[in-house]
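Student: A predicted structure for the sequence below; I have some questions about it.
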Amino acid sequence: MTQLEAFYTELQKFFQPLWPGEDKPLVLGEGNDKSPQLMLIGEAPGETEVIKRRPFVGKAGKNLDEFLTLMEMRREDIFISNVVKIRPTEPGKGGRTRNRAPNKEELALFTPWLMKEILIVQPRVLVTLGNVPLKALTDPKITIGDCHGTFLESKAGIPLYALYHPASIIYRRALLPVYQADVLGLKEALQETK
């Protein structure tokens with residue numbers, strides 16, 4: 001059993017009894033867990049991610065594929081995870097369940113586990129996707145609008161590059177050129193450090 005597998009076993013044992021009678025499957029990280037160049041961190045899985053038990057495979061995953069194309073990377077080259085590893089939900093219209101942002105309790109529960117995951121994976125650069133991981137790994141007062149496309153120091157002591165969440169360009173198409181420019185800025189910065 002690898003260090004990451006042992007960690008995920010420990011994580012599942014901790015979280016399994018917390019929601020008795022509720023179906024809250026964990027969606028764990030995946031990819032290259034041996035000091036990859038990048039570790040991408042989202043906020044939480046959505047419905048498709050829970051069904052497939054894989055991070056970033058729904059609508060936002062299609063935009064993540066565009067990120068990888070721009071970076072000239074494959075999914076296997078990087079590690080992908082989320083701060084919160086369960087799907088935060090709330091009732092939507094017509095009785096359907098919909099996604100919501102993680103609440104303070106969920107963030108408090110999961111962030112220490114994310115920090116351990118980062119220490120095990122040992123990426124060269126963390127890439128936060130949206131406000132939730134950015135705030136969890138830097139400062140709760142900071143926003144993605146203030147620092148997207150820039151490098152910051154993370155609480156994990158690893159350089160952090162802030163990107164808008166891939167889902168944000170689904171809802172705000174005007175962000176697409178900004179997002180693409182930020183991704184290309186990251187690619188350029190990584191090439192300079194090789």
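Tutor: Thanks, I have it.

Student: Strands of this structure, start to end?
Tutor: 30-31, 38-42, 79-82, 89-91, 97-99, 125-129, 151-153, 159-163 (DSSP state E).

Student: Can you lay out the ones you listed as CSV showing distance to residue 66, mean neighbour count and mean pLDDT?
Tutor: In short, each C-beta sits where N, CA and C put it, glycine included. Below are the strands of the chain laid out as CSV (distance: least, CB to CB, whole Å; neighbours: other CB atoms under 10 Å; pLDDT from 0 to 100):
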stretch, distance to residue 66, mean neighbour count, mean pLDDT
strand 30-31, 17, 19, 96
strand 38-42, 13, 27, 97
strand 79-82, 14, 26, 97
strand 89-91, 27, 12, 91
strand 97-99, 21, 14, 90
strand 125-129, 13, 25, 97
strand 151-153, 22, 14, 97
strand 159-163, 12, 23, 97
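
Student: closest to residue 174 out of the ones you listed?
Tutor: strand 159-163 (15.9 Å; CB to CB).

Student: which one is residue 165 nearest to, not counting chain neighbours?
Tutor: residue 130 (3.1 Å; CB to CB, 6 or more residues apart in numbering).

Student: So the one you found is in contact with residue 147, correct?
Tutor: No - taking CB atoms under 8 Å as the definition, residue 130 is not a contact partner of residue 147, at 12.0 Å.

Student: And the average pLDDT for stretch 45-62 is what?
Tutor: When pLDDT is averaged along stretch 45-62, the result is 89.

Student: re earlier: so which of the strands of the chain comes closest to residue 22?
Tutor: When these are ranked by proximity to residue 22 (CB to CB), strand 89-91 comes first, at 10.2 Å.
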